[in-house]
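Q: predicted structure and sequence below. I'll ask about it afterward.
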Amino acid sequence: MTKVSMPIIGWVSEILGWMINVIYSGLELIGITNIGLSIILFTLVVYLLMTPLQIKQQKFSKLNAVMQPEIQKIQKKYNGKKDQDSMMKQNEEIQKVYEKYGTNPTGGCLQLVVQMPIFLALYQVIRKIPAYIPQVKAVYMQVVTAIAGQAGAIDAINKIGKGLKSSYVTSLASDATKNQIIDTLNYFNADAWHKLAKAIPSASDVINTSSTHIIGMNDFFAGINVSQTPGFHPSIYWLIPILAALFQYLSAKTMKQPELDGNNPAAGMTKSMTVMMPLMSLYFCLVTPAGLGIYWVTSALFQCLQQVIINKYMD
């Protein structure tokens with residue numbers, strides 16, 4: 001499958017891809033070839049490694065909430081005074097408040113800057129599992145090799161892919177590379193594989209054998225396939241977006257901070273995010289493959305548990 005090539009995100013993806021490959025290979029040694037379980041363990045390992053950054057960010061957030069009354073008092077003192085001397089004195093007094101608490105105005109920015117490429121890379125790795133786990137890619141490659149040169153193979157894949165109605169499936173060019181073909185096959189469900197075997201009879205044996213292996217690797221539990229999208233029709237797949245929204249809400253609620261002034265925009269923003277983030281999680285997990293949803297659920301649950309521990313530590 002096609003790896004991410006953009007600077008920074010691509011570099012981080014390579015490291016994270018190596019990690020998930022190690023986890024998958026380790027599970028394979030004990031007879032478990034399950035991509036869903038690999039995603040869960042992978043997410044936990046990454047978030048454990050990021051715990052120091054989370055602690056620093058939460059420390060700044062809590063200190064910032066404690067500092068705000070003092071900073072607002074200074075701002076009120078100089079309210080309406082726009083001359084350069086007053087502005088300089090205001091900045092000096094505010095800086096003294098930051099020094100008093102051992103932090104600075106950009107205290108929470110560094111953690112966010114570091115975490116952002118990690119989160120974006122995580123998304124790419126989970127979305128493109130075959131690109132980062134050679135054993136998984138090898139099974140897809142058996143199909144690609146079997147259909148190589150077969151008349152109408154690309155057209156058949158495009159027709160079947162279009163029927164999946166997924167924004168992750170793009171139309172293949174007639175000269176598509178093997179990796180690009182795997183990009184599309186990665187989102188095939190059991191019905192799609194059956195149609196492909198029927199459309200290319202000469203490769204049907206390889207397609208049927210390989211697809212059985214692929215479906216087995218992608219089968220998480222209770223019939224949930226990590227490559228499939230829950231969508232808006234009620235099914236067992238809805239369990240993923242519901243859990244994602246629930247854990248995201250609990251995570252937001254555990255981020256307890258001292259109450260800010262009700263007139264302060266930050267107070268309203270905090271309340272809005274408590275509602276908006278779970279709704280965003282719900283929608284995200286409805287329209288993306290279940291594998292990404294499993295990552296989202298795992299990360300939200302871990303964040304919730306992590307936040308409880310950090311709160312105790314911070315208190």
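A: Okay, I see it.
Q: count of residues packed around Gln54?
A: Applying other Cβ atoms under 10 Å, we find 17 other residues in the vicinity of Gln54. (Each C-beta comes from the backbone N, C-alpha and C, glycine too.)
Q: quick check: Met19 vs Cys285, distance?
A: Applying Cβ to Cβ, to the nearest Å, the value for Met19 to Cys285 is 23 Å.
Q: swap in Ile242?
A: According to Cβ to Cβ, Ile242 and Cys285 sit 9 Å apart.
Q: sorry, back to before: which of Met19 and Cys285 has more neighbours?
A: For Met19 against Cys285, the residue with the higher neighbour count under other Cβ under 10 Å is Cys285, and the figures read 29 against 17.
Q: residues contacting the more buried one?
A: Applying Cβ atoms under 8 Å, 6 or more residues apart in numbering to Cys285 gives the contacts Pro230, Ile240, Pro241, Ala244, Ala245, Leu292, Gly293, Trp296, Val297.
Q: distance of it from Gly231?
A: Applying Cβ to Cβ to Cys285 and Gly231 gives a distance of 11 Å.
Q: what comes into contact with the helix or strand harbouring Ile118?
A: When secondary structure is defined by DSSP states H and E, Ile118 falls within helix 109-127. Outside of helix 109-127, the residues within contact range by Cβ under 8 Å, 6+ apart are 4, 8-10, 12-13, 15-17, 20, 39, 43, 46, 50, 53-54, 56-57, 60, 132, 168, 288-289, 291-292, 295.
Q: now that we have the residues you listed, which of them are buried?
A: When burial is judged by neighbour count using 16 or more other Cβ atoms under 10 Å, the buried members of those are 4, 9, 12-13, 16-17, 20, 39, 43, 46, 50, 54, 57, 60, 132, 168, 288-289, 291-292, 295.
Q: out of the residues you listed, which are inside helices?
A: Cross-referencing those with the helices (criterion: DSSP state H) gives 9, 12-13, 16-17, 20, 39, 43, 46, 54, 57, 60, 132, 291-292, 295 as the overlap.
Q: low-scoring stretches of the stretch 1-150 of the chain, by residue?
A: Applying pLDDT under 70 to the stretch 1-150 of the chain flags the ranges 1, 107-112.
Q: what's the helix or strand hosting Thr145 packed up against?
A: Element membership for Thr145 (DSSP H and E) is helix 134-147. Taking 3 or more Cβ pairs under 8 Å, 6 or more residues apart in numbering; DSSP states H and E as the contact definition, the neighbouring helices and strands of helix 134-147 are helix 9-29, helix 129-132, helix 178-185, helix 204-218.
Q: let me see the mean pLDDT of the next helix or strand after that helix.
A: Toward the C-terminus, helix 134-147 is succeeded by helix 153-163 as the next helix or strand (DSSP H and E). Per-residue pLDDT values over helix 153-163 give a mean of 92.
Q: check stretch 300-310 too.
A: This predicted structure assigns stretch 300-310 an average pLDDT of 84.
Q: contacts made by that stretch with the rest, please.
A: Contacts of stretch 300-310 from elsewhere in the structure, counted by Cβ under 8 Å, 6+ apart, are 43-44, 47, 51, 54-55, 58, 243-244, 247-248, 250-251, 254-255, 281.
Q: neighbours around the closest residue to Trp193 other than its chain neighbours, how many?
A: Nearest in space to Trp193, with sequence neighbours left out and distances taken as Cβ to Cβ, 6 or more residues apart in numbering, is Ser211 at 3.6 Å. Using other Cβ under 10 Å, the number of residues around Ser211 comes to 23.
Q: per-residue pLDDT of Ser211, please?
A: Each residue has a pLDDT score; the one for Ser211 is 93.
Q: give me the distance between it and Leu185.
A: When distances are taken as Cβ to Cβ, Ser211 and Leu185 turn out to be 9 Å apart.
Q: which neighbours do the two share?
A: Shared contacts of Ser211 and Leu185 (Cβ under 8 Å, 6+ apart): Val143.
Q: what backbone torsions are found at Leu172?
A: Leu172 has phi and psi values of phi -90, psi 140 when expressed as degrees, to the nearest 10.
Q: all good on my end, thank you.
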